[in-house]
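Student: The sequence and its predicted three-dimensional model are supplied below.
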Amino acid sequence: MQLRPGRQQPEPSLRVYMFSFGATWGPVPWAMPSEIFPSSLRAKGVALSTCSNWLNNFIIGLVTPPLVQNTGYGAYTFFAVFCGLAFVFTFFLVPETMGKSLEEMDAVFGDVSSEAEEARKVRIEQNIIAEQRSGAVKA
């Protein structure tokens, strides 16, 4: 069987896409939410991210076959453009999380809940110390 020129291209291109996606973007919805959400919202944030990931995968699974059937190689171009846009978005707008503590990530996103929690702990400790001192004086 003789293939027409260009017919061999989709399968290797698809393999390259699958391997590169699996090594780069694929794990992001699973790993990054646990690094960026504050402790009080982490479980809900990870759950929402996972739900969004599966829902978007389902939608792509539904629309890709008709897209390929109706546009041919245009489907690959469509997804390549969105991968490029995702790269630009990530490069300029998504902060680096490697090596940063959760408190530092709170500061990156402007969340002050950890500062408020720390201030609350200091007040409690001061109250306990004050009670111990006043109790020691009475005794």
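Tutor: Done, it's in. Because the structure is a prediction, the values reported are computed rather than measured. Residues are numbered from 1 along each chain as shown.
Student: lowest-confidence helix or strand of this protein?
Tutor: helix 102-108 (a mean of 72; mean pLDDT, DSSP states H and E).
Student: okay, that one in PDB with CA atoms only?
Tutor: Output of helix 102-108 as PDB, limited to C-alpha atoms (Å, rounded to 0.1, in the frame of the first residue of the first chain):
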ATOM      1  CA  LEU A 102       3.500  27.900  51.500                       C
ATOM      2  CA  GLU A 103       3.800  31.200  53.400                       C
ATOM      3  CA  GLU A 104       6.000  32.600  50.500                       C
ATOM      4  CA  MET A 105       3.300  31.500  48.000                       C
ATOM      5  CA  ASP A 106       0.700  33.300  50.100                       C
ATOM      6  CA  ALA A 107       2.700  36.500  49.800                       C
ATOM      7  CA  VAL A 108       3.100  35.900  46.000                       C
END
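Student: Give me the next element, helix or strand, following it.
Tutor: Sequence-wise, the next helix or strand downstream of helix 102-108 (DSSP states H and E) is helix 113-138.
Student: what helices or strands is that next one leaning on?
Tutor: Packing partners of helix 113-138 (3 or more C-beta pairs under 8 Å, 6 or more residues apart in numbering; DSSP states H and E): helix 102-108. The C-beta positions use only the backbone N, C-alpha and C, and glycine is treated the same way.
Student: And the helix it packs on, what does it pack against?
Tutor: Packing partners of helix 102-108 (3+ C-beta pairs under 8 Å, 6+ apart): helix 28-36, helix 113-138.
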